[in-house]
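Trainee: what's the 3D shape of this:
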Amino acid sequence: MLDELEGTVQGHRDGHGFVQRDDGEADIYLPPNEMRAVLHKDRVKARVVRQDRRGRPEGRVVEIIERSEQPIIGRLLHEGGVWLVAPEDKRYGQDVLIPKGATGTAKVGQVVVVQLTEPPALFGQPVGRVKEVLGEIDDPGMEIEIAVRKYGVPHEFSEAGLAEAKALPDKVRPADKKGRVDLTDVPLVTIDGEDARDFDDAVYCEPAKVGRGKGWRLLVAIADVSAYVQTGSPIDIDAYERATSVYFPRRVIPMLPEKLSNGLCSLNPEVERLCMVCDMLVAADGEIYAYQFYPAVMFSHARFTYTEVAAILGNTRGPEAAKRKDRVKDLLNLSDVYKALLKQRSKRGAVDFETTETQIICDDAGRIEKIVPRTRNEAHRLIEEAMLAANVCSADFIAEGKHPGLFRVHEGPTTEKKEILRGYLKAMGVGLSITEDPRPGEFQAIAEATKERPDAQQIHTMLLRSMSQAIYTPINSGHFGLAYEAYTHFTSPIRRYPDLLVHRVIKAILNKQKYTLPMLPTPGEAHAKLAKRLASRVKVPTNKPQKAVVAPSKEVQAWEAAGLHCSANERRADEASRDVEAWLKCKYMREHLGEEYGGVVSAATTFGIFVTLDAMYVEGLVHITELGGEYFKFDEMRQELRGERTGIRYAIGTRVRVQVSRVDLDGRKIDFRLVREGEELTARAMKDKGVGSGGVPVKASAKRSSRGGGKSAEAVSLPVERADGAQSAMQAFKSAVKKAANKMKGRKPRRG
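Mentor: Below you'll find the model as predicted:
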């Protein structure tokens with residue numbers, strides 16, 4: 001009998017689906033007839049019955065273990081006298097029937113939330129009732145209302161949590177200051193973005209003697225959320241369930257009630273606030289010489305923006321500096337310590353790739369006005385380095401205190417990713433590679449060595465893709481990207497639950513006590529299942545003898561569960577944010593159908609190329625069928641598509657011109673069609689191979705003159721680099737002729 005395998009159904013918008021196996025092996029394809037009785041996210045037992053035409057294991061569902069509890073969001077329709085809801089997420093594959101009396105107050109065309117009352121069957125559609133009416137599809141913010149329900153993001157605080165928040169004081173009381181260091185006369189300041197509403201962190205720096213040399217005393221003061229949010233209290237339970245604040249364009253779903261996040265715990269200017277301080281001595285070379293933690297009372301002396309600080313540091317005699325002359329010296333000290341910390345980062349060999357992040361600017365109705373790149377200036381980096389220093393001290397303090405807690409762990413690349421990266425670097429003619437047990441400095445060295453190459457963007461993207469995702473765990477394995485032996489999150493307890501736990505552990509160590517995790521509810525699936533599934537995705541090396549593994553204690557297991565929950569909810573928040581951004585971008589691009597733009601290839605796949613538009617920072621797909629009338633092959637080693645006839649290559653960083661051809665709002669997909677430059681690229685590639693556009697060999701003199709000058713030749717020479725970076729036109733011609741001859745071997749001659 002064939003094995004029965006457990007997994008989760010992942011639906012596809014085209015009616016078929018697959019089972020994502022718990023053991024991490026290849027997914028099992030489910031044809032449309034098998035998908036009739038199941039829904040996206042159902043847990044099932046399946047059996048592989050055959051290989052399909054594409055060589056995929058095809059399965060049959062033999063048992064439904066667990067139905068997905070997730071509500072379905074969609075639009076209410078009335079067709080042929082029947083009420084039904086068409087799911088917004090097309091992976092559900094089937095419309096939901098709504099009995100006549102189960103539509104509630106919903107009107108035709110409105111977006112509703114449906115609770116299933118009858119699951120689907122082989123010969124019957126799922127049946128449900130309208131549980132909530134969200135409104136019209138074009139209502140401002142509807143995309144956010146859909147996303148929070150689609151991804152199960154908690155968006156309403158419990159009544160008990162709100163009541164507890166309401167009972168909290170409005171300001172720091174004399175009794176709250178007991179046992180705290182008074183820092184109200186220290187000119188701590190906050191530096192944040194223009195649109196920031198909550199302020200977690202404040203900084204201050206002054207020159208100091210460090211050992212026998214010079215250095216700085218750097219204070220990082222963080223809002224003391226743990227002073228107000230007691231372990232296991234209603235606010236704490238709500239915060240744990242959310243695990244993080246979720247950021248959307250024009251709206252934030254906070255982890256804590258507004259009274260705390262924007263009031264009592266926010267380090268607003270010119271008011272007293274409770275804080276936890278990481279007080280550091282930093283040597284001239286950027287090494288942290290000593291540190292201490294203590295609870296304090298602070299008074300923010302100014303609320304700066306990144307733009308303002310960058311302007312002051314750029315010109316200490318400018319108008320911005322004149323307005324803040326009392327603080328200019330302190331900002332210069334912060335800049336000096338930042339430069340020293342930066343030296344230490346370089347010495348450690350931490351990975352530091354420059355990537356472009358974008359920001360969506362919306363109008364009052366919630367529509368995109370423009371998409372702009374977020375520019376990181378010196379002030380952003382200054383705060384980042386100060387926060388990294390405090391986080392490192394926190395991790396060291398917890399490790400030295402021998403107290404369980406959560407670390408932010410980022411492991412090096414997996415064996416599979418290392419092999420792909422090595423092969424890619426070799427294929428691209430990069431003179432450097434990575435060792436079997438790579439250090440972060442090796443990645444940074446490759447980034448530095450290739451930054452002037454025309455394909456630098458492609459190489460840096462591949463370096464980034466070879467990295468693992470960071471997670472929260474009590475087992476410290478260091479942070480690969482930042483090149484730290486121990487790292488954690490201490491600096492944002494208003495918006496991240498792990499930081500709140502780190503604060504509680506630090507306080508426990510300071511008070512020579514033990515912090516015990518509360519018996520917090522675990523929303524959704526049991527953590528044991530999640531842990532098992534995540535662990536199964538990472539293959540353990542088998543070529544070395546394995547040591548006997550000691551089962552973790554119950555305490556460590558509890559911390560593992562908390563870390564797993566926080567990591568999973570961090571991913572959930574990212575997915576919900578991305579979904580909303582994709583929806584907004586699709587809506588934006590619907591107004592630009594038929595328009596042409598220049599862009600850059602951001603990814604190459606077996607089915608086409610993804611292109612990011614220059615001016616708009618929107619990504620769309622040029623399907624392989626739109627690349628021209630020839631066969632394109634995906635080169636996994638080089639991560640590129642190559643035309644067999646012309647030799648034209650599309651890889652990350654290739655410049656193209658595209659037309660917006662189709663926008664699918666429900667599927668969050670934008671399709672482009674290649675225009676103009678594609679034809680020029682083809683002509684150029686064929687000339688490089690020594691073949692004219694009609695397949696006729698080009699004379700050497702003609703090829704030389706085509707390269708010799710003129711704007712058009714220069715304009716198309718950038719995207720199409722020759723495969724080996726140094727091959728002459730004659731060599732290309734010879735190899736093309738040789739390839740053609742090899743292909744013709746054994747073929748019967750065709751009639752003219």
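Trainee: Can you give me the pLDDT of the spatially closest residue to Gly193 that is not a sequence neighbour?
Mentor: Nearest non-adjacent residue to Gly193, counting by CB to CB, 6 or more residues apart in numbering: Tyr306, 6.1 Å away. Backbone N, C-alpha and C define where each C-beta goes, glycine included. You'll see Tyr306 listed with a pLDDT of 95.
Trainee: what sits against Tyr306?
Mentor: Shown in contact with Tyr306 (CB atoms under 8 Å, 6 or more residues apart in numbering): 191-193, 377, 379-380, 383.
Trainee: Equivalent analysis for Met467, please.
Mentor: By CB under 8 Å, 6+ apart, Met467 lies in contact with 351, 410, 413, 417, 480-481.
Trainee: Please pick the buried ones from those residues.
Mentor: The neighbour-count criterion (16 or more other CB atoms under 10 Å) marks 351, 410, 413, 480-481 among the contacts of Met467 as buried.
Trainee: closest to Lys343 among these?
Mentor: Distance to Lys343 across those (CB to CB) is lowest for Val351, with 16.1 Å.
Trainee: helix/strand/coil for the closest one?
Mentor: Judged by DSSP: H, G, I helix; E, B strand; the rest coil, the three-state class of Val351 is coil.
Trainee: how near is it to Pro440?
Mentor: Counting by CB to CB, to the nearest Å, the separation of Val351 from Pro440 is 5 Å.
Trainee: What of Tyr228?
Mentor: Going from Tyr228 to Pro440 by CB to CB gives 38 Å.
Trainee: Next up, the contacts around Lys426.
Mentor: Applying CB under 8 Å, 6+ apart as the definition, the contact partners of Lys426 turn out to be 433, 637.
Trainee: Where does it sit, in terms of helix or strand?
Mentor: Here Lys426 is covered by helix 415-427, with elements defined by DSSP states H and E.
Trainee: returning to what we had before: secondary structure, neighbour count and distance to Val601 for the contacts of Tyr306 - can I get that in CSV?
Mentor: Formatted as CSV, those follow (DSSP: H, G, I helix; E, B strand; the rest coil; neighbours: other CB atoms under 10 Å; distance: CB to CB, whole Å):
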residue, secondary structure, neighbour count, distance to Val601
Ile191, strand, 24, 37
Asp192, strand, 18, 35
Gly193, coil, 12, 31
Asn377, coil, 14, 29
Ala379, helix, 25, 33
His380, helix, 17, 28
Ile383, helix, 22, 34
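Trainee: Those residues: which two are farthest apart?
Mentor: Within the contacts of Tyr306, Asp192 and Asn377 form the most distant pair, 13.1 Å apart (CB to CB).
Trainee: how about the helices in the stretch 151-300 of the chain?
Mentor: With DSSP state H, counting those that start in this stretch as the criterion, the stretch 151-300 of the chain has helices at 159-166, 234-242, 258.
Trainee: Next: the stretch 451-600 of the chain.
Mentor: According to DSSP H, counting those that start in this stretch, the helices that the stretch 451-600 of the chain contains are 456-465, 497-510, 527-536, 554-590.
Trainee: Burial check on Ala615, number of neighbours?
Mentor: Applying other CB atoms under 10 Å, we find 10 residues neighbouring Ala615.
Trainee: And for the one 10 residues further on?
Mentor: Other residues within reach of Thr625 by the criterion other CB under 10 Å amount to 10.
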